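# Compute the structure for the input listed below.
(one chain, ligands or ions: 1)
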Amino acid sequence: MTGHLAAGAALLLALAVVIAGRWRISRTVRRLDEMLARAMSGGFSEETFDESRLSALESRLGRYLAACALSERNVREQKDRISALISDISHQTKTPVANLQLYAQLLSEQPLTPQGRDCSAAISAQAEKLQNLIDALVKTSRLETGILALHPQPGAIAPVVERAAGQYALRAAEKGVALTVGQADGTAVFDPKWTEEALCNLLDNAMKYTPSGGAVTVEVKNYPLFSRIQVADTGPGIPEGEQTKIFGRFYRAPGSYQAEGVGIGLYLTRQIAEKQGGYVKVDSAPGRGSAFSLFLPRDTGECGQAKPEM
Ligand code: ADP
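Numbering: from 1, shown residues only. You can find the predicted model right below:
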């Protein structure tokens, strides 16, 4: 009898220990959950100041969150400093570069030897290159740091294609390159101003690298998830080994040095495409011309879209 009683008591005790253990675990989980909820809402403060492990954890979480807030503030301050520095550089270099252009112009109006005339033309060209380089640097760093934000919105692609191609009509005629805009209908989600800039970079390259007598064609093709704006040319083409490098900052493929440029156009184009959920691709081979494609996401209401196989 006493044996049964002892066994019953032991069982009850074990049950009580299990229940107490479960209760402690569920209380700990509940408190952790509350802590995380307060941390996520930004209203975290230490609430228990005893010797328990939970209190120590709470205090460590408090220190971690304070460190995160500090580094976030530092990043924001650094971004503001970069933004101010970029504005200063852009603002302060404008006048000297404009003056260089002006003095080169004044010099060219003087009676000069042929060599002097070449020098003044070179000063003018280099000053223009410097201004383009500064503008490109300012633009890329503003895009990279998020100071310049893109505002993608659903819209028709044709007006952007027409505006961009229109800017190159005269140059094409002067150079003797046939510039054609093919099928341009389609809608996508994009920032019209920046997309036009990306497209102009592709057209600028196509015009620059395609010799007289060649052709440049712009065409839009719509896929279920993306719309593709393709700029194809009959220029020299790009060797396979160069095709990933040309999207790098300041990279110019060997053999391009005679052409005007600083090697930033494709880098900027890729940044613009990616900042609005798109991407850029090149299909090219030496002697076969190049086709650069700018893919823009379509308005499907889905995220994490897969790239179409070309
Ligand atoms: P840039 O034209 O100023 O050199 P980009 O970043 O626009 O700079 O292009 C990088 C390089 O890619 C160019 O130097 C050139 O070698 C190559 N490239 C770009 N577009 C073409 C094209 N349409 N045909 C041949 N090569 C090209």
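# okay, CA-based contacts and neighbour counts for the rest of this
Fine.
# Can you list phi and psi of residue 43 for me?
Per-residue torsions, residue 43: phi -110, psi 40 (degrees, to the nearest 10).
# Leaving aside the residues adjacent along the chain, what's closest to residue 260?
residue 208 (7.9 Å; CA to CA, 6 or more residues apart in numbering).
# Keeping just the C-alphas, turn the strand or helix carrying the one you found into CSV.
Remark: residue 208 resides in helix 192-209, with elements defined by DSSP states H and E. C-alpha atoms of helix 192-209 as CSV (Å, rounded to 0.1, in the frame of the first residue of the first chain):
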residue,chain,number,x,y,z
PRO,A,192,10.9,57.3,-68.7
LYS,A,193,13.7,59.9,-68.1
TRP,A,194,16.3,57.4,-67.0
THR,A,195,15.3,54.7,-69.5
GLU,A,196,15.7,57.3,-72.3
GLU,A,197,19.2,58.0,-70.9
ALA,A,198,20.1,54.3,-70.9
LEU,A,199,18.8,54.0,-74.5
CYS,A,200,20.7,57.0,-75.6
ASN,A,201,23.9,55.4,-74.2
LEU,A,202,23.2,52.3,-76.4
LEU,A,203,22.4,54.5,-79.4
ASP,A,204,25.4,56.7,-78.9
ASN,A,205,27.7,53.6,-78.9
ALA,A,206,25.9,52.1,-81.9
MET,A,207,26.4,55.4,-83.8
LYS,A,208,30.0,55.8,-82.6
TYR,A,209,31.2,52.3,-83.5
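# Can you name the next helix or strand after that helix?
Next element after helix 192-209 (DSSP H and E): strand 215-222.
# Next, the angle helix 192-209 makes with that next one.
Following axes from the mean of the first three to the mean of the last three CA atoms, to 10 degrees, one obtains 150 degrees for the angle between strand 215-222 and helix 192-209.
# Partner strands of strand 215-222 and their direction?
strand 178-181 (parallel), strand 226-233 (antiparallel) (DSSP bridges).
# most packed of those strands?
Stretch with highest mean neighbour count among these: strand 226-233 (a mean of 25; mean count of other CA atoms under 10 Å).
# thinking again about what came up before, could you verify my assumption that the residue nearest to residue 260 touches residue 258?
No - Residue 208 lies out of contact with residue 258 (CA atoms under 8 Å); the separation is 10.5 Å.
# of these two, who's got more company?
Between residue 208 and residue 258, counted using other CA atoms under 10 Å, the more crowded position is residue 208 (18 against 7).
# now the residue nearest to residue 260: how far from residue 168?
Look at residue 208 and residue 168: by CA to CA, to the nearest Å, they are 11 Å apart.
# Residue 10 too?
Residue 10 sits at a distance of 92 Å from residue 168 (criterion: CA to CA).
# And residue 234, by the same measure?
On the measure of CA to CA, residue 234 and residue 168 end up 16 Å apart.
# again, but for residue 156
Distance, residue 156 to residue 168, by CA to CA: 21 Å.
# Contacts only, for residue 147.
By CA atoms under 8 Å, 6 or more residues apart in numbering, the contact set of residue 147 is 79, 83.
# Start at 14, not 1
In the new count, where the first residue is 14, that last one comes out as residue 160.
# what's in contact with stretch 181-192?
By CA under 8 Å, 6+ apart, the list of residues contacting stretch 181-192 reads 178, 216-217, 220, 223-231.
# State the mean pLDDT of that stretch.
In this model, stretch 181-192 has a mean pLDDT of 97.
# wait, residue 238 sits on residue 313?
Yes - with contact defined as CA under 8 Å, residue 238 counts as touching residue 313 (6.8 Å).
# Tell me which stretches of the stretch 164-313 of the chain form helices.
Ranges of helices within the stretch 164-313 of the chain are 171-179, 182-188, 205-222, 278-288, based on DSSP state H, counting those that start in this stretch.
# separation between residue 149 and residue 279?
Distance from residue 149 to residue 279, counting by CA to CA: 11 Å.
# if you count what's nearby, which of the two comes out ahead?
A direct count of neighbours by other CA under 10 Å for residue 149 and residue 279 places residue 279 higher, at 22 against 17.
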